[in-house]
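Chemist: Build me a model from this:
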Amino acid sequence: MLAAKSEAAVAAFSSADVRQDPRTVYSAIADLPPLASGDASETDPLHRARTHLPIAVERLKHIPRNGGSRSSLPAHLVLQCHKGKPTSFSDVYGRMAWKSVAPTLTTGCTDLTRGRFGHPDQDRAITMREAARLQTFPDDYQFVGQPAQISRQIGNAVPPAMIEAFVPAFEAALAIGVD
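Modeler: Coordinates of the predicted model:
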């Protein structure tokens, strides 16, 4: 959303070309080393997997890889709160799909119970590094805080690549000036 005193500035903003090629989950995270629940990279402190309860890992093993959802769970693994509600919170325990863009990341982006934040192939939620890459943060970007705070920062962020894409639109609007 853009607000301006000049309709011409809004029009200039609206007419600027801000299109970008979609970035797939694969292009963002496929090169990262695989991890199991509770594992951590020795070289990247943000690439560490949450430790999931055994029942959560069992559920993930039944969810089809590359975009599957909790609708594939056998009856004995369906959470009580989801029984009889196939469309309620349908992304919970969902996996991302390699050839798709990531779902909107939220502050709970590293938690299986908060959305479609399951890794496409590995039986775990995405890591903070994977979330940061999906949000287009460079690997050398420094986050500060505990894991929950970092996940919140990543999930609340406007992706840097999106901001960069909008620069021409902001420049066009600012070039109009205000009388």
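Chemist: Assign the residue minimising distance to the centre of the chain to helix, strand or coil.
Modeler: Per Cα atoms, centre = their mean, the C-alpha nearest to the average position across the chain is that of residue 105, at 3.5 Å. At residue 105, secondary structure determined by DSSP: H, G, I helix; E, B strand; the rest coil is coil.
Chemist: which residues touch it?
Modeler: 117, 131, 134-135, 154-155 (Cβ atoms under 8 Å, 6 or more residues apart in numbering). Using the backbone N, CA and C atoms, a C-beta is placed for each residue, glycine as well.
Chemist: In a markdown table, list those along with secondary structure and distance to residue 83.
Modeler: Output for the contacts of residue 105, formatted as a markdown table (DSSP: H, G, I helix; E, B strand; the rest coil; distance: Cβ to Cβ, whole Å):
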| residue | secondary structure | distance to residue 83 |
| --- | --- | --- |
| 117 | coil | 22 |
| 131 | helix | 30 |
| 134 | helix | 31 |
| 135 | coil | 34 |
| 154 | helix | 32 |
| 155 | helix | 28 |
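Chemist: any idea which of these is closest to residue 43?
Modeler: Of all the contacts of residue 105, residue 43 sits closest to residue 131, with 17.8 Å by Cβ to Cβ.
Chemist: Please name the residues that touch that closest one.
Modeler: Residues near residue 131 by Cβ under 8 Å, 6+ apart: 105, 109-110, 117, 151, 154-155.
Chemist: want to try CSV for those, with distance to residue 6 and pLDDT as columns?
Modeler: As requested, the contacts of residue 131 are exported to CSV (distance: Cβ to Cβ, whole Å; pLDDT from 0 to 100):
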residue, distance to residue 6, pLDDT
105, 34, 95
109, 38, 94
110, 42, 95
117, 42, 95
151, 40, 96
154, 35, 97
155, 34, 96
